[in-house]
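>>> fold the following and give me the result.
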Amino acid sequence: MSPAEKAQLLQVVVRDMGEAFPGIESRSGVIGGDPCIVRTRIPVWLLEQARRLGATESDLLADYPSLRAEDLVNAWAYIRAHRDEIDRLIKEHAAA
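Predicted structure coming up:
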């Protein structure tokens, strides 16, 4: 398969996934249903809030040993696609 064919295949797969975000899950009863990193109870909004406050990816990986670099990539993709939701969750939790 040529590089162009591989790229075309990847585009089809991404379009087919739609709103699916690998590595991110929302379950009622777990952190109030907030989107979290799978295998953990680490909410995506918390990672974004830490990043906004100056935490680096290295800091986050050190502070949360169960996190992998791949988890952060998934979280940042989710945040880009759901900016309003994440902003709202950060505000809600800051007010609590």
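>>> ok, now how distant is the residue nearest the centre of the chain from T40?
Central residue of the chain (Cα atoms, centre = their mean): A75, 1.7 Å from the mean position. According to Cβ to Cβ, to the nearest Å, A75 and T40 sit 11 Å apart. Just so you know, the C-beta spots here come from the backbone N, C-alpha and C atoms, and that holds for glycine as well.
>>> V73 too?
V73 is 15 Å from T40, where distance means Cβ to Cβ.
>>> which residues touch R51?
L60 (Cβ atoms under 8 Å, 6 or more residues apart in numbering).
>>> does the nearest residue to I37 once chain neighbours are set aside sit in a helix, a strand or a coil?
Spatially, and ignoring its direct neighbours in sequence, I37 is nearest to D71 (4.8 Å; Cβ to Cβ, 6 or more residues apart in numbering). The assignment at D71 comes out as helix when based on DSSP: H, G, I helix; E, B strand; the rest coil.
>>> count of neighbours near D71?
D71: 22 surrounding residues under other Cβ atoms under 10 Å.
>>> i'd like the first residue to be 14 from this point on
That works, and once the first residue is 14, the last one we named lands at D84.
>>> if we can go back for a sec, so the residue nearest to the centre of the chain touches C49, yeah?
No - at 9.4 Å, A88 and C49 do not qualify as touching, with contact defined as Cβ atoms under 8 Å.
>>> if we can go back for a sec, mind listing what the residue nearest to the centre of the chain touches?
A88 sits in contact with 36-37, 50, 57, 60-61, where contact means Cβ under 8 Å, 6+ apart.
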